[in-house]
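Peer 1: I need the structure of the sequence given here:
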Amino acid sequence: MVKVYVSVGSNIEREQNIRSGVAHLRQQFGDLMLSSVYESVAVGFEGDNFYNLVVGFEATDAWQANDILHQIEYGHGRRKGGKKFAARTLDMDLLLFGDSDLRLKGLDVPREEITRYAFVLGPLAEIAPRELHPTLKTSYLDMWISYRNNAPSVADSIWPVLFAW
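Peer 2: Residues are numbered from 1 along each chain as shown. Now for the predicted structure:
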């Protein structure tokens, strides 16, 4: 079994879709590690704010895990071929599969968004602070501290919300 991290986000019926999406992950993968839920503004388009979190669990196959994520998204109304920056009922992205670099094998893992967006890096640093990025060999906590020091206004673009599971 390999430790997997997935970003989860929604800006359409976000509480319901986040809750349901996490329940489906639990059904498929068992025990989950959940970050806090954060609110953030929509990035790349005008739209309602998102709820985001990062979920950790164990899996045996990255491609199978990625397919399950897509099935869960489609089950929540996501459509294939939609715009990259658009409103989402549920968005689930495989961020990490252990310390594997699968980009040359057809998966965007480690996901580029880890270093690009506060709504991904902040929650990841919360639940996997000492783990190292597979290619950068830097801990997520150190990456988050650097992010906060170098781009504080961007880092402050996410804020925790009270979320009753």
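Peer 1: in the protein, which spans are helices?
Peer 2: 14-29, 62-75, 113-116, 118-127, 140-150, 152-155 (DSSP state H).
Peer 1: so which of these gets nearest A164?
Peer 2: For the helices of the chain, proximity to A164 was assessed by C-beta to C-beta; helix 14-29 is nearest, at 8.8 Å. To be clear about C-beta, it is placed using only N, CA and C from the backbone, and glycine gets the same treatment.
Peer 1: restrict the closest one to CA atoms and write it as CSV.
Peer 2: C-alpha atoms of helix 14-29 as CSV (Å, rounded to 0.1, in the frame of the first residue of the first chain):
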residue,chain,number,x,y,z
ARG,A,14,-20.1,22.8,-1.7
GLU,A,15,-21.0,21.5,1.7
GLN,A,16,-23.1,18.7,0.3
ASN,A,17,-20.7,17.8,-2.4
ILE,A,18,-17.6,17.8,-0.2
ARG,A,19,-19.4,15.7,2.4
SER,A,20,-20.6,13.2,-0.2
GLY,A,21,-17.3,13.1,-2.1
VAL,A,22,-15.4,12.3,1.1
ALA,A,23,-18.0,9.6,2.0
HIS,A,24,-17.4,8.0,-1.4
LEU,A,25,-13.6,8.1,-0.9
ARG,A,26,-14.1,6.4,2.5
GLN,A,27,-16.3,3.7,0.9
GLN,A,28,-13.6,3.1,-1.8
PHE,A,29,-10.4,3.4,0.3
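Peer 1: in that helix, what's buried?
Peer 2: Buried positions in helix 14-29, judged by neighbour count with 16 or more other C-beta atoms under 10 Å: R14, N17, I18, R19, S20, G21, V22, H24, L25, Q28, F29.
Peer 1: noted, bye for now.
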